[in-house]
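Participant: Attaching a predicted model along with its sequence, questions to come.
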Amino acid sequence: MKTLNPLSVAILSGMASLLVAAAPAQAASISYFLDQSNALPDGSNYLRVDVADGAHGAIDFTVTVLSPLGDLAGRKFGIQSFAFNVVAGGSAEAMDITGLPRGWSASNGSRMDGFGLFDIQLRSRKGNSRLDTLTFSITGVDGDRPEDYALLSRGRAPEGHEFFAARVTGFEYCEDGDHGGGCGDKVQPQFAMQSAGTGGLPAWGQDWRHHMDEHWDGRWAEDCITSGFFAGSTAVPLPGTAWLFMAGVAGVLARVRRRAAH
């Protein structure tokens, strides 16, 4: 067997360095699509969650609404709540959440409709603080990794157990094919029936909008949907350039080895 010439050694060394440099970058960040919903058809990438190593040991989250849902945006559209889990034995709690936008709060333990029970939930307290991109960090937890926060929900989950879940409100989707176009102007039947003699408002008085926000399932007249829960644990595929790079590296290494063997 021949020894490697200096050029081959240089190529191998360079490729090895690139692989070593790329590996930590891949391990330091994970991304998932939220492609399940209790209100809209499953299978579309409605939101994306990125979890990455941050500065000074922090874990950074970015939750982004994607175009299949963003294209339906109406009045006061955005993420109203988001929930995730913590690895068994992990010490992260709601008090470790930092960098929340104004008008948001964190709490321990919450159900996300049919997607089960999650360890930590973040919530917008007012409609005008809903966001199409939510960012925050987990700080002060020693030795945690992004993977520690990608775990399935627990408990009863008729919609399925998933890693992450979000509630998004203020979009306009009509099952009759009329997506958008004033869904929010239509009156929900059960509220309309109770509005007689109250100046157009339901019988329980002026706080009906608060009641609807807390207990309403998001469906208006004519099957129009303006609110829903979205969840998922579908990994975002590596970009095509990354696969091409790895395939190229493997090909060069194979050619170098074959030459060295002759």
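Facilitator: Noted; the coordinates are in hand.
Participant: Let me know how buried the closest residue in space to Glu147 that isn't next to it in sequence is, in neighbour terms.
Facilitator: The shortest distance from Glu147 to any non-neighbouring residue, by C-beta to C-beta, 6 or more residues apart in numbering, is to Ile30 (6.4 Å). (Each C-beta comes from the backbone N, C-alpha and C, glycine too.) Counted with other C-beta atoms under 10 Å, residues neighbouring Ile30 total 18.
Participant: Low-confidence stretches in this structure?
Facilitator: Residues of the chain meeting the criterion pLDDT under 70: 1-27, 175-223, 240-262.
Participant: In terms of helices and strands, where is the residue nearest to Glu147?
Facilitator: Using DSSP states H and E, Ile30 falls within strand 29-34.
Participant: Show me what the helix or strand following that strand is packed against.
Facilitator: Note on strand 29-34: by DSSP H and E, the next helix or strand toward the C-terminus is strand 36-37. Applying 3 or more C-beta pairs under 8 Å, 6 or more residues apart in numbering; DSSP states H and E, we find strand 36-37 packed against strand 224-232.
Participant: quick one: strands adjacent to the strand holding Ile30?
Facilitator: Strand 29-34 has these partner strands in its sheet, going by DSSP bridges: strand 47-53 (antiparallel), strand 234-235 (antiparallel).
Participant: in the stretch 1-150 of the chain, which spans are strands?
Facilitator: When assigned using DSSP state E, counting those that start in this stretch, the strands of the stretch 1-150 of the chain occupy the ranges 29-34, 36-37, 47-53, 59-65, 73-84, 97-98, 104-111, 117-124, 133-138.
Participant: and for the longest one, what are the contacting residues?
Facilitator: With contacts defined as C-beta atoms under 8 Å, 6 or more residues apart in numbering, strand 73-84 is touched by 47, 49, 61, 63, 65, 70, 110, 112, 118-124, 127-128, 130-132, 134, 149, 153, 163-172, 180, 183-184, 226.
Participant: which of the strands paired with strand 29-34 is buried the deepest?
Facilitator: Each of the strands paired with strand 29-34 was scored by mean neighbour count; the highest is strand 47-53, a mean of 21, by mean count of other C-beta atoms under 10 Å.
Participant: just checking, Val236 touches Ser29?
Facilitator: No - using C-beta atoms under 8 Å as the test, Val236 is too far from Ser29 to be in contact (10.0 Å).
Participant: re the thing from before, quick one, which of the strands of the stretch 1-150 of the chain is packed in tightest?
Facilitator: Across those, the average number of neighbours (mean count of other C-beta under 10 Å) peaks for strand 36-37, which reaches a mean of 24.
Participant: This structure: helices as residue ranges?
Facilitator: 6-27, 67-70, 189-193, 208-215, 240-261 (DSSP state H).
Participant: in the shortest one, what counts as buried?
Facilitator: Neighbour counts using 16 or more other C-beta atoms under 10 Å place 69-70 of helix 67-70 among the buried residues.
Participant: could you list every residue that touches Leu40?
Facilitator: 46, 69, 173, 225, 228, 230.
Participant: Any idea what the third one is bridged to?
Facilitator: Going back to what we said before, that points to Tyr173. Ile225.
Participant: That one and Ala83, how far apart?
Facilitator: 22 Å (C-beta to C-beta, to the nearest Å).
Participant: now the second one
Facilitator: Taking C-beta to C-beta as the measure, Leu69 falls 17 Å from Ala83.
Participant: now Glu172
Facilitator: 24 Å.
Participant: repeat for Ala28
Facilitator: 23 Å.
Participant: likewise Val51?
Facilitator: 14 Å.
Participant: ditto for Gly140
Facilitator: Going from Gly140 to Ala83 by C-beta to C-beta gives 20 Å.
Participant: likewise Phe115?
Facilitator: Relative to Ala83, and taking C-beta to C-beta, Phe115 is found at 8 Å.
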